[in-house]
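Chemist: Got a predicted structure here, sequence first:
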Amino acid sequence: MGIRSKTASVLAAAAMAFCLSSPSGVWALEEKAVITSAPNVPPPITRTAPARVVMEMETTEQKGRLADGVEYEFWTFNGTVPGPFARVRVGDTVVFRLKNSESSQNIHSIDLHAVTGPGGGAKATQTIPGGHTAFEWKTLNPGLYIYHCATSHIPTHIANGMYGLIMVEPEKGMPRVDHEYYVVQGDFYTAGKFGEKGFQPYSVEKGRDEKAEYVVFNGSVGAVTGPGALKAKAGETVRLYVGNGGPNLVSAFHVIGEIFDKVYQEGAMGSEPARNVQTTMIPPGGAAIVEFKVDVPGSYILVDHSIFRAIDKGAVGILDVAGKDSAQVFMPVKTGSEDGGH
Ligand SMILES: [Cu+2]
């Protein structure tokens, strides 16, 4: 799914129409949230005090590429699947503004799992086409959280791609790493079988039966491969913020050829991360933060290790690691056939 370039200007114009009060009085720090589209992550938060953060998103309904030759009508936040990555700090007050595109046919909304309050914001943000809504909340709990649309029929809105991640950084921030990337898994339910060409309508029956035709990272088959592959150099540390939009399937998230040095399981902050993990479970509506040092160059493959999904349904991404071989860590001695990959 491509980025909708006019989104920023539309949102800026929409923002002018708002006049929000500041119930807590004067804020020493007020800023506009930096949001990024996958696989990019906004820069770490460097301030050491809470701020009032203005965050804006726009919901859209638009056709896009689900696989080569396969088109689908995605419902989105900011024109992309997943929606943008948002980053705030615990203790912040977030002013969230939602606009629904005039061209939408449906009401949309947002339930951020980072929110403490009715519907995670969904009660306040049921937004008609061409309309806008807003609410404020205080980030009480650090962690990595999914957000998604929560308008009836909710499974359909999520199945069409309406989800993304928001990171609520702890007070002291996250330890520095060399690269941070944003990946969200989603399962898709098309009328035609996997790979059937042309426009593919959504199948609510397959959704209900949990029979996904596609399971993908970042909204389409191949989004995190080729030019979309993640990059690092041998010796660097990589942090992946991984979400699962679902709507149905639990991800067995794994990177072939790597071991996660640290996993913040379920995206939780405050407890010690798990160490030396091969595969981490990420439920629909959940997330995990995984970190690992890449010691050896090569192509590392992100998969849902429910492996039919990776090989036959699209759940594959690539992390390309450049640099010098390290025979101390890995050295081929006598290689076999090309297809003995895993
Ligand atoms: Cu929606």
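Modeler: Everything's here; your move.
Chemist: count of residues packed around residue 309?
Modeler: Residue 309: 22 surrounding residues under other CB atoms under 10 Å. (Each C-beta comes from the backbone N, C-alpha and C, glycine too.)
Chemist: Make residue 1 into 50 and carry on from there
Modeler: In the new numbering, first residue 50, that becomes residue 358.
Chemist: mind checking how far it is from residue 294?
Modeler: Going from residue 358 to residue 294 by CB to CB, to the nearest Å gives 14 Å.
Chemist: Give me every residue in the protein lying close to the ion.
Modeler: 157, 198, 200, 206, 211 (CB under 5 Å from the ion).
Chemist: In TSV, list those along with pLDDT.
Modeler: Listed next are the residues of the chain next to the ion as TSV, based on pLDDT from 0 to 100:
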residue	pLDDT
157	98
198	98
200	98
206	98
211	98
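Chemist: Point out the ones among those residues that are inside helices.
Modeler: Within these, residues falling in helices by DSSP state H are residue 206.
Chemist: Of the residues of the chain next to the ion, which is the most crowded?
Modeler: In the residues of the chain next to the ion, the most neighbours by other CB under 10 Å go to residue 211, 31 neighbours.
Chemist: need the contact list for it.
Modeler: Residues counted as contacts of residue 211 (CB atoms under 8 Å, 6 or more residues apart in numbering) are 108, 124-126, 132, 157, 197-198, 294.
Chemist: May I see those arranged in JSON lines, with distance to residue 303 as well?
Modeler: Below are the contacts of residue 211 laid out as JSON lines (distance: CB to CB, whole Å):
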{"residue": "108", "distance to residue 303": "32"}
{"residue": "124", "distance to residue 303": "29"}
{"residue": "125", "distance to residue 303": "27"}
{"residue": "126", "distance to residue 303": "27"}
{"residue": "132", "distance to residue 303": "25"}
{"residue": "157", "distance to residue 303": "33"}
{"residue": "197", "distance to residue 303": "24"}
{"residue": "198", "distance to residue 303": "28"}
{"residue": "294", "distance to residue 303": "18"}
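Chemist: Give the single residue among those positioned nearest to residue 334.
Modeler: residue 197 (7.1 Å; CB to CB).
Chemist: Got the confidence number for that closest one?
Modeler: pLDDT for residue 197: 98.
Chemist: and it, what is it in contact with?
Modeler: Contacts of residue 197 by CB under 8 Å, 6+ apart are 159-160, 206-207, 211-213, 294, 334.
Chemist: if you set the cut-off to 7 Å instead, what comes out?
Modeler: By CB atoms under 7 Å, 6 or more residues apart in numbering, residue 197 lies in contact with 160, 207, 211-212, 294.
Chemist: Among these, which one sits closest to the ion?
Modeler: Nearest to the ion out of the contacts of residue 197 is residue 211 (CB to the ion; 4.7 Å).
Chemist: Now do the phi/psi pair for the residue nearest to that closest one when sequence neighbours are not counted.
Modeler: Nearest non-adjacent residue to residue 211, counting by CB to CB, 6 or more residues apart in numbering: residue 198, 3.6 Å away. Main-chain dihedrals, residue 198, degrees, to the nearest 10: phi -70, psi 150.
Chemist: and if you look at residue 341?
Modeler: Backbone torsions of residue 341, given as degrees, to the nearest 10, read phi -160, psi 150.
Chemist: what's the answer for residue 290, then?
Modeler: phi -90, psi 110.
Chemist: how deep is it tucked in, by neighbour count?
Modeler: Residue 290 has 25 nearby residues by other CB under 10 Å.
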